[in-house]
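> After the sequence you'll find the predicted model.
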Amino acid sequence: MYFTIHSPEPCLILSMEESGEFIRAASKVIRHGLTDKYKAQLIEEAGDVVACLYLLESHDIILPRPEFRQMCRVSC
């Protein structure tokens with residue numbers, strides 16, 4: 001995928017896909033409980049969503065949020 005400010009669609013498509021995977025992982029936790037297996041999947045997918053947020057910020061699609069950066073430094 002080629003990411004550019006003039007064509008934000010690839011960044012948005014990737015973000016949609018990763019968000020969907022996070023939703024599926026969260027749904028498994030709700031259905032099966034927070035076992036080590038499902039917790040690991042949830043953490044991995046959450047990390048991918050955070051990476052997408054950074055990607056969207058770096059391409060000026062969304063504005064950086066200082067409070068998010070602070071939260072991430074504390075808990076990530």
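In hand now; what should we look at? Here the structure is a predicted model, which is why all the values come from computation and not from measurement. Numbers count the residues shown, from 1 in each chain.
> State the three-state secondary structure for the most centrally placed residue in the chain.
In the chain, the residue lying closest to the centroid (Cα atoms, centre = their mean) is residue 49, at 0.5 Å. Secondary structure, DSSP: H, G, I helix; E, B strand; the rest coil: residue 49 is helix.
> That one touches residue 22, doesn't it?
Yes. Counting by Cβ atoms under 8 Å, residue 49 touches residue 22, with 5.0 Å between them. C-beta: built from backbone N, CA, C; applies to glycine.
> got a list of what residue 63 touches?
When contacts are counted by Cβ atoms under 8 Å, 6 or more residues apart in numbering, residue 63 is found next to residue 57.
> One more pass at 7 Å, please.
The neighbourhood of residue 63, defined by Cβ atoms under 7 Å, 6 or more residues apart in numbering, contains no residues.
> What's the separation between residue 16 and residue 9?
10 Å (Cβ to Cβ, to the nearest Å).
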